[in-house]
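Trainee: Give me the fold of what follows.
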Amino acid sequence: MCADALRDEFQNLVSAEVSARRDRVGLAGAFAEVARALGFTVRRVRACWHHEVRSVTLAEWQAVRALGAARLAQEESRLRHEDALIRQRLENIRQRQAALRDLL
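Mentor: Numbering: from 1, shown residues only. Predicted coordinates:
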C-alpha cells in the first residue's frame, strides 16, 4: 500500500471515530473525545476530519487501530447482548404458542 493510501485510511478511521460520537456530543465534542481517546490534539483530529494530514507516525497508527478494535469489541458485546434478548423473547413466544395449542 502506498503512503498516500495509508494516510487516507488513517484519516478515514479517525473520521469514523468522530462520526460515531457526533450525534451524541456534537462535532466539537466528538473532536475532543476522539483526541482524548487517541492522545492526539483536537487540532490533529480536526485535520484528519478535513483530510489535511500530510504524514502519520507509527504511534498514531497504533493508537487508531487500538481504539478501533476497542470500539468493535464494544459493538460486538452490545450485539451479543441484543441477540440474547431477542432469542429469549422468541423462546417466550414459542412457549406461549405451545401453551395455547395445549389448551385448544
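Trainee: separation between the nearest residue to W61 once chain neighbours are set aside and L38?
Mentor: Spatial nearest neighbour of W61, excluding adjacent residues (Cβ to Cβ, 6 or more residues apart in numbering): F10 at 6.3 Å. Any C-beta I mention is one placed from the backbone N, CA and C, and that applies to glycine too. Distance, F10 to L38, using Cβ to Cβ, to the nearest Å: 11 Å.
Trainee: Need the residues touching each of those two.
Mentor: Contact criterion Cβ atoms under 8 Å, 6 or more residues apart in numbering; residues shared by F10 and L38: 60, 64.
Trainee: so for the longest helix seen in the chain, what's the average pLDDT?
Mentor: Criterion DSSP state H: the longest helix present in the chain is helix 58-103. Here helix 58-103 scores 93 as its mean pLDDT.
Trainee: quick revisit: give me the three-state assignment for the residue nearest to W61.
Mentor: Under DSSP: H, G, I helix; E, B strand; the rest coil, F10 falls in the helix class.
Trainee: does A20 really touch R71, like I thought?
Mentor: Yes. Counting by Cβ atoms under 8 Å, A20 does reach R71; the two are 6.8 Å apart.
Trainee: overlap in contacts of those two?
Mentor: What both A20 and R71 touch, as defined by Cβ under 8 Å, 6+ apart, is an empty set.
Trainee: Point me to the residue sitting closest to the centre of this structure.
Mentor: The centroid of the chain falls nearest to R71 when counting by Cα atoms, centre = their mean (4.4 Å).
Trainee: Name all residues that make contact with that residue.
Mentor: 17, 20.
Trainee: Next one: the nearest residue to A16 once chain neighbours are set aside relative to L13, how far apart?
Mentor: What sits nearest to A16 in space, not counting adjacent residues and going by Cβ to Cβ, 6+ apart, is G68, at 7.7 Å. Distance from G68 to L13, counting by Cβ to Cβ: 6 Å.
Trainee: what do you get for T41?
Mentor: Distance of T41 to L13, given as Cβ to Cβ: 17 Å.
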